[in-house]
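S.K.: Fold the following, please.
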Amino acid sequence: MESRPLRYFVAVAEELNFARAAERLGISPPPLSRAVRRLESDLGATLFERTTHRVALTPAGEVLLREARIALDALEAAGRRARRAAAPQTGLVLAMKADGDAGLLEPVLERFAADPAAVPVTVRLCDLREAPALLRRGEVDVALTHEPYDRTGLDSETLASETRVAAVAAGHPLAARTRLALDDLGLGRREGDLEQYIDEVRREGQDLAQLLTRVALGELIAVLPASVIRSYPRPGVAYRLLVDASPVVLTIAWPQQSRSRATAALVRAATDVAAERAAAAATARTGHGPAAGMQPVGR
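M.R.: So this is what the prediction gives:
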(Lines give C-alpha, C1' and ligand atoms only; values in the text may rest on other atoms or scores of the structure.)
Protein backbone atom coordinates (compact mmCIF):
# COMPACT_ATOMS: atom_id res chain seq x y z
CA MET A 1 0.00 0.00 0.00
CA GLU A 2 1.35 3.42 -0.98
CA SER A 3 1.58 6.27 1.47
CA ARG A 4 -0.32 8.85 -0.59
CA PRO A 5 -3.75 7.15 -0.36
CA LEU A 6 -3.18 6.78 3.40
CA ARG A 7 -2.38 10.49 3.72
CA TYR A 8 -5.53 11.34 1.77
CA PHE A 9 -7.58 9.02 3.95
CA VAL A 10 -6.19 10.46 7.19
CA ALA A 11 -6.96 14.01 6.05
CA VAL A 12 -10.59 13.12 5.34
CA ALA A 13 -10.88 11.08 8.55
CA GLU A 14 -9.61 14.00 10.63
CA GLU A 15 -11.65 16.68 8.89
CA LEU A 16 -14.75 14.53 8.23
CA ASN A 17 -15.32 16.82 5.29
CA PHE A 18 -13.99 16.21 1.77
CA ALA A 19 -13.80 19.88 0.84
CA ARG A 20 -11.80 20.85 3.92
CA ALA A 21 -9.54 17.81 3.53
CA ALA A 22 -8.91 18.69 -0.13
CA GLU A 23 -8.00 22.26 0.81
CA ARG A 24 -5.63 20.95 3.50
CA LEU A 25 -3.95 18.65 0.96
CA GLY A 26 -3.79 21.29 -1.77
CA ILE A 27 -5.89 19.32 -4.26
CA SER A 28 -9.47 19.55 -5.51
CA PRO A 29 -12.28 17.43 -4.00
CA PRO A 30 -13.02 15.14 -7.01
CA PRO A 31 -9.59 13.45 -7.19
CA LEU A 32 -9.58 13.15 -3.41
CA SER A 33 -12.96 11.40 -3.47
CA ARG A 34 -11.78 9.07 -6.25
CA ALA A 35 -8.59 8.22 -4.34
CA VAL A 36 -10.58 7.32 -1.21
CA ARG A 37 -12.98 5.15 -3.20
CA ARG A 38 -10.03 3.33 -4.84
CA LEU A 39 -8.59 2.72 -1.38
CA GLU A 40 -11.91 1.30 -0.20
CA SER A 41 -12.01 -0.92 -3.29
CA ASP A 42 -8.45 -2.15 -2.73
CA LEU A 43 -9.21 -2.95 0.91
CA GLY A 44 -12.65 -4.41 0.22
CA ALA A 45 -14.05 -2.29 3.06
CA THR A 46 -16.18 0.84 3.40
CA LEU A 47 -14.22 3.44 5.34
CA PHE A 48 -16.73 6.29 5.46
CA GLU A 49 -20.48 6.61 5.78
CA ARG A 50 -21.42 9.43 3.44
CA THR A 51 -24.69 11.37 3.35
CA THR A 52 -25.53 14.76 1.92
CA HIS A 53 -25.07 16.28 5.38
CA ARG A 54 -22.23 14.38 7.04
CA VAL A 55 -19.22 12.12 6.70
CA ALA A 56 -18.50 9.59 9.44
CA LEU A 57 -15.96 6.84 9.92
CA THR A 58 -17.10 3.23 9.83
CA PRO A 59 -15.61 0.72 12.30
CA ALA A 60 -13.17 -0.30 9.54
CA GLY A 61 -12.30 3.36 9.02
CA GLU A 62 -11.59 3.85 12.72
CA VAL A 63 -9.17 0.91 12.69
CA LEU A 64 -7.42 2.16 9.55
CA LEU A 65 -7.10 5.67 10.96
CA ARG A 66 -5.32 4.37 14.03
CA GLU A 67 -3.01 2.11 12.01
CA ALA A 68 -2.43 4.66 9.24
CA ARG A 69 -1.25 7.30 11.70
CA ILE A 70 1.27 4.81 13.11
CA ALA A 71 2.45 3.81 9.63
CA LEU A 72 2.82 7.40 8.39
CA ASP A 73 4.62 8.44 11.56
CA ALA A 74 7.00 5.50 11.09
CA LEU A 75 7.71 6.53 7.49
CA GLU A 76 8.45 10.11 8.51
CA ALA A 77 10.61 8.92 11.40
CA ALA A 78 12.61 6.65 9.08
CA GLY A 79 13.24 9.59 6.76
CA ARG A 80 14.39 11.81 9.61
CA ARG A 81 16.74 9.16 10.95
CA ALA A 82 18.20 8.55 7.48
CA ARG A 83 18.80 12.26 6.91
CA ARG A 84 20.42 12.64 10.31
CA ALA A 85 22.61 9.56 9.72
CA ALA A 86 23.79 11.03 6.41
CA ALA A 87 24.62 14.40 7.96
CA PRO A 88 28.30 15.17 8.69
CA GLN A 89 29.51 14.75 12.28
CA THR A 90 26.49 12.69 13.24
CA GLY A 91 25.92 12.50 16.99
CA LEU A 92 23.13 11.49 19.33
CA VAL A 93 20.23 13.64 20.47
CA LEU A 94 18.97 12.92 23.99
CA ALA A 95 15.56 14.23 25.07
CA MET A 96 14.68 14.97 28.67
CA LYS A 97 12.75 17.38 30.83
CA ALA A 98 14.87 19.99 32.56
CA ASP A 99 15.82 18.61 35.99
CA GLY A 100 14.18 15.31 35.05
CA ASP A 101 17.35 13.21 35.16
CA ALA A 102 17.53 12.48 38.93
CA GLY A 103 21.04 13.92 38.85
CA LEU A 104 22.28 11.22 36.46
CA LEU A 105 22.89 13.18 33.25
CA GLU A 106 26.38 14.51 33.88
CA PRO A 107 27.92 11.27 35.23
CA VAL A 108 26.24 9.29 32.42
CA LEU A 109 27.65 11.58 29.72
CA GLU A 110 31.08 11.44 31.36
CA ARG A 111 30.98 7.61 31.40
CA PHE A 112 29.73 7.50 27.82
CA ALA A 113 32.52 9.80 26.60
CA ALA A 114 35.07 7.17 27.63
CA ASP A 115 33.44 4.47 25.48
CA PRO A 116 35.02 3.69 22.06
CA ALA A 117 31.57 4.04 20.46
CA ALA A 118 31.02 7.53 21.92
CA VAL A 119 29.84 10.38 19.68
CA PRO A 120 28.83 13.96 20.53
CA VAL A 121 25.55 14.19 22.47
CA THR A 122 23.08 17.05 22.12
CA VAL A 123 20.52 17.39 24.92
CA ARG A 124 17.06 18.46 23.80
CA LEU A 125 14.89 19.76 26.62
CA CYS A 126 11.20 18.96 26.28
CA ASP A 127 7.98 18.59 28.23
CA LEU A 128 7.72 15.61 30.55
CA ARG A 129 5.31 13.65 28.32
CA GLU A 130 6.86 14.70 24.99
CA ALA A 131 9.96 12.51 24.84
CA PRO A 132 8.34 9.20 23.72
CA ALA A 133 6.67 10.93 20.77
CA LEU A 134 9.99 12.55 19.79
CA LEU A 135 11.57 9.09 19.75
CA ARG A 136 8.83 7.65 17.56
CA ARG A 137 9.08 10.58 15.15
CA GLY A 138 12.81 10.07 14.77
CA GLU A 139 13.64 13.53 16.11
CA VAL A 140 15.79 12.17 18.97
CA ASP A 141 17.77 8.96 19.49
CA VAL A 142 17.31 8.32 23.19
CA ALA A 143 15.35 9.84 26.07
CA LEU A 144 15.26 10.04 29.83
CA THR A 145 11.60 9.91 30.73
CA HIS A 146 9.36 9.07 33.67
CA GLU A 147 6.76 6.32 33.78
CA PRO A 148 3.98 5.96 32.85
CA TYR A 149 4.23 6.61 29.11
CA ASP A 150 3.23 5.02 25.82
CA ARG A 151 5.90 2.39 25.07
CA THR A 152 4.68 1.64 21.54
CA GLY A 153 7.71 1.07 19.32
CA LEU A 154 10.17 1.69 22.16
CA ASP A 155 12.59 -0.30 24.29
CA SER A 156 13.65 0.90 27.71
CA GLU A 157 15.65 0.22 30.85
CA THR A 158 14.77 1.36 34.37
CA LEU A 159 17.39 3.65 35.89
CA ALA A 160 16.07 4.94 39.20
CA SER A 161 13.09 4.84 41.51
CA GLU A 162 12.62 7.89 43.71
CA THR A 163 10.25 8.69 46.52
CA ARG A 164 7.98 11.68 46.07
CA VAL A 165 7.89 14.77 48.24
CA ALA A 166 5.34 17.52 48.70
CA ALA A 167 6.74 21.04 48.29
CA VAL A 168 4.80 23.40 50.56
CA ALA A 169 5.34 26.97 51.69
CA ALA A 170 7.58 27.14 54.76
CA GLY A 171 4.79 28.91 56.67
CA HIS A 172 2.10 26.38 55.68
CA PRO A 173 0.63 24.31 58.56
CA LEU A 174 1.71 21.11 56.77
CA ALA A 175 5.34 22.26 56.94
CA ALA A 176 5.28 21.65 60.70
CA ARG A 177 5.10 17.90 60.03
CA THR A 178 7.98 15.72 58.81
CA ARG A 179 5.87 13.23 56.82
CA LEU A 180 2.67 13.66 54.86
CA ALA A 181 0.10 11.43 53.21
CA LEU A 182 -1.93 11.96 50.05
CA ASP A 183 -5.03 12.59 52.16
CA ASP A 184 -3.24 15.59 53.69
CA LEU A 185 -3.15 17.13 50.21
CA GLY A 186 -6.78 16.33 49.52
CA LEU A 187 -5.84 13.53 47.13
CA GLY A 188 -7.21 10.02 47.07
CA ARG A 189 -4.99 6.96 47.18
CA ARG A 190 -5.67 5.98 43.59
CA GLU A 191 -2.70 6.47 41.25
CA GLY A 192 -4.90 8.32 38.77
CA ASP A 193 -5.75 11.00 41.33
CA LEU A 194 -2.09 11.80 41.96
CA GLU A 195 -1.12 11.80 38.27
CA GLN A 196 -4.07 14.03 37.42
CA TYR A 197 -3.06 16.49 40.13
CA ILE A 198 0.57 16.53 38.93
CA ASP A 199 -0.56 17.10 35.33
CA GLU A 200 -2.82 19.97 36.41
CA VAL A 201 0.11 21.67 38.14
CA ARG A 202 2.35 21.08 35.10
CA ARG A 203 -0.21 22.67 32.80
CA GLU A 204 0.66 25.97 34.43
CA GLY A 205 3.40 26.00 31.78
CA GLN A 206 6.12 27.11 34.18
CA ASP A 207 9.61 25.79 34.77
CA LEU A 208 10.51 24.32 38.13
CA ALA A 209 12.12 27.50 39.47
CA GLN A 210 8.95 29.49 38.74
CA LEU A 211 6.78 26.72 40.17
CA LEU A 212 8.69 26.73 43.45
CA THR A 213 8.36 30.50 43.66
CA ARG A 214 4.60 30.05 43.60
CA VAL A 215 4.92 27.32 46.24
CA ALA A 216 6.91 29.70 48.48
CA LEU A 217 4.15 32.30 48.03
CA GLY A 218 1.58 29.78 49.26
CA GLU A 219 -0.27 29.67 45.93
CA LEU A 220 -0.01 25.90 45.46
CA ILE A 221 1.52 22.64 46.69
CA ALA A 222 3.66 20.68 44.26
CA VAL A 223 4.40 16.95 44.23
CA LEU A 224 7.95 16.32 43.02
CA PRO A 225 10.73 13.69 42.92
CA ALA A 226 12.91 13.71 46.02
CA SER A 227 16.03 14.56 43.94
CA VAL A 228 14.62 18.08 43.55
CA ILE A 229 15.57 18.74 47.18
CA ARG A 230 19.27 18.68 46.26
CA SER A 231 18.88 20.81 43.15
CA TYR A 232 16.44 23.40 44.48
CA PRO A 233 16.90 24.16 48.19
CA ARG A 234 14.68 27.15 48.96
CA PRO A 235 14.36 28.95 52.31
CA GLY A 236 10.67 29.59 51.60
CA VAL A 237 9.89 26.01 50.58
CA ALA A 238 9.60 22.96 52.84
CA TYR A 239 9.92 19.49 51.30
CA ARG A 240 8.02 16.76 53.12
CA LEU A 241 8.09 13.03 52.34
CA LEU A 242 4.85 11.62 50.92
CA VAL A 243 4.68 8.25 52.63
CA ASP A 244 1.93 6.64 50.53
CA ALA A 245 2.66 8.04 47.06
CA SER A 246 3.97 5.73 44.35
CA PRO A 247 7.63 6.26 43.43
CA VAL A 248 8.86 8.27 40.46
CA VAL A 249 10.43 5.79 38.03
CA LEU A 250 13.02 7.13 35.61
CA THR A 251 13.81 5.14 32.47
CA ILE A 252 16.05 5.50 29.45
CA ALA A 253 14.16 4.73 26.23
CA TRP A 254 15.09 4.34 22.56
CA PRO A 255 13.39 3.13 19.34
CA GLN A 256 13.04 -0.64 19.05
CA GLN A 257 14.49 -0.59 15.53
CA SER A 258 17.66 1.23 16.56
CA ARG A 259 20.89 -0.57 15.64
CA SER A 260 23.18 2.28 16.65
CA ARG A 261 26.31 1.23 18.55
CA ALA A 262 26.47 4.72 20.04
CA THR A 263 22.90 4.46 21.37
CA ALA A 264 23.66 1.06 22.88
CA ALA A 265 26.79 2.47 24.52
CA LEU A 266 24.86 5.41 25.98
CA VAL A 267 22.20 3.07 27.39
CA ARG A 268 24.94 0.90 28.87
CA ALA A 269 26.61 3.92 30.47
CA ALA A 270 23.28 5.04 31.94
CA THR A 271 22.41 1.67 33.45
CA ASP A 272 25.93 1.22 34.85
CA VAL A 273 25.98 4.65 36.48
CA ALA A 274 22.46 4.18 37.87
CA ALA A 275 23.34 0.77 39.32
CA GLU A 276 26.50 2.13 40.95
CA ARG A 277 24.62 5.07 42.44
CA ALA A 278 21.90 2.80 43.82
CA ALA A 279 24.50 0.51 45.38
CA ALA A 280 26.35 3.46 46.92
CA ALA A 281 23.09 4.82 48.35
CA ALA A 282 22.27 1.43 49.86
CA THR A 283 25.74 1.20 51.38
CA ALA A 284 25.37 4.65 52.90
CA ARG A 285 22.05 3.65 54.48
CA THR A 286 23.17 0.33 55.93
CA GLY A 287 26.88 0.85 56.36
CA HIS A 288 27.70 -2.67 55.10
CA GLY A 289 26.48 -3.10 51.55
CA PRO A 290 23.36 -3.01 49.39
CA ALA A 291 20.11 -3.48 51.25
CA ALA A 292 18.16 -6.64 50.59
CA GLY A 293 15.03 -4.67 49.78
CA MET A 294 16.71 -2.34 47.32
CA GLN A 295 14.66 -1.79 44.16
CA PRO A 296 16.49 -3.28 41.16
CA VAL A 297 17.84 -1.19 38.32
CA GLY A 298 16.89 -2.49 34.87
CA ARG A 299 19.69 -4.27 33.02
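S.K.: Please name the nearest non-neighbouring residue to residue 93.
M.R.: residue 140 (4.4 Å; Cβ to Cβ, 6 or more residues apart in numbering). Backbone N, C-alpha and C define where each C-beta goes, glycine included.
S.K.: typed the wrong thing, it's residue 56
M.R.: residue 49 (4.6 Å).
S.K.: quick one, what contacts that neighbour?
M.R.: 55, 56, 57, 58 (Cβ atoms under 8 Å, 6 or more residues apart in numbering).
S.K.: which residues of the stretch 101-250 of the chain score low on pLDDT?
M.R.: 188-192, 203-206 (pLDDT under 70).
S.K.: those helices in it, which residues are they?
M.R.: 105-113, 131-136, 191-202, 208-216, 228-231 (DSSP state H, counting those that start in this stretch).
S.K.: mind checking which of those helices is nearest residue 159?
M.R.: Residue 159 sits nearest to helix 105-113 of all the helices of the stretch 101-250 of the chain, at 8.7 Å, using Cβ to Cβ.
S.K.: Can you name the next helix or strand after the one helix or strand residue 7 maps to?
M.R.: Here residue 7 sits within helix 3-15, counting by DSSP states H and E. Scanning forward in sequence from helix 3-15 by DSSP H and E, the next helix or strand is helix 18-25.
S.K.: Compute the mean per-residue pLDDT across that next one, please.
M.R.: Helix 18-25 shows an average pLDDT of 92 in the prediction.
S.K.: Does anything pack onto that helix? Which helices or strands?
M.R.: The contact analysis (3 or more Cβ pairs under 8 Å, 6 or more residues apart in numbering; DSSP states H and E) places helix 18-25 against helix 3-15, helix 29-43.
S.K.: Can you check what angle separates it from helix 29-43?
M.R.: For helix 18-25 against helix 29-43, the angle by axes from the mean of the first three to the mean of the last three Cα atoms, to 10 degrees is 100 degrees.
S.K.: Secondary structure and neighbour count added to the contacts of residue 49, as CSV?
M.R.: Putting the contacts of residue 49 into CSV (DSSP: H, G, I helix; E, B strand; the rest coil; neighbours: other Cβ atoms under 10 Å) gives the following:
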residue, secondary structure, neighbour count
55, strand, 16
56, strand, 12
57, strand, 18
58, coil, 14
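S.K.: Can you tell me which of those residues is closest to residue 24?
M.R.: residue 55 (14.1 Å).
S.K.: angle of the lengthiest helix in the chain against helix 29-43?
M.R.: Ranked by number of residues, the top helix in the chain under DSSP state H is helix 59-86. In terms of direction (the same axes, to 10 degrees), helix 59-86 departs from helix 29-43 by 100 degrees.
S.K.: Show me what the next helix or strand after helix 59-86 is packed against.
M.R.: With elements assigned by DSSP H and E, the helix or strand that comes after helix 59-86 is strand 92-96. If you count contacts as 3+ Cβ pairs under 8 Å, 6+ apart, strand 92-96 packs onto strand 121-125, helix 131-136, strand 142-146, helix 261-286.
S.K.: repeat that for 10 Å
M.R.: helix 105-113, strand 121-125, helix 131-136, strand 142-146, strand 248-255, helix 261-286 (3 or more Cβ pairs under 10 Å, 6 or more residues apart in numbering; DSSP states H and E).
S.K.: What count of nearby residues applies to residue 274?
M.R.: Residue 274 has 25 neighbours, counted by other Cβ atoms under 10 Å.
S.K.: try residue 178
M.R.: Number of residues near residue 178 (other Cβ under 10 Å) recorded here: 8.
S.K.: Same check on residue 165?
M.R.: 22.
S.K.: Test my guess that it contacts residue 245.
M.R.: Yes: taking contacts as Cβ atoms under 10 Å, residue 165 lies within contact range of residue 245: 8.7 Å.
S.K.: Name the residues contacting each of those two.
M.R.: Common contact partners of residue 165 and residue 245 (Cβ atoms under 10 Å, 6 or more residues apart in numbering): 180, 223.
S.K.: so what's residue 130 up against?
M.R.: 95, 96, 97, 124, 139, 140, 143, 145, 149.
S.K.: Not counting sequence-adjacent ones, nearest residue to the fourth one?
M.R.: For residue 124, the nearest residue in space outside its immediate sequence neighbours is residue 95; the separation is 4.8 Å by Cβ to Cβ, 6+ apart.
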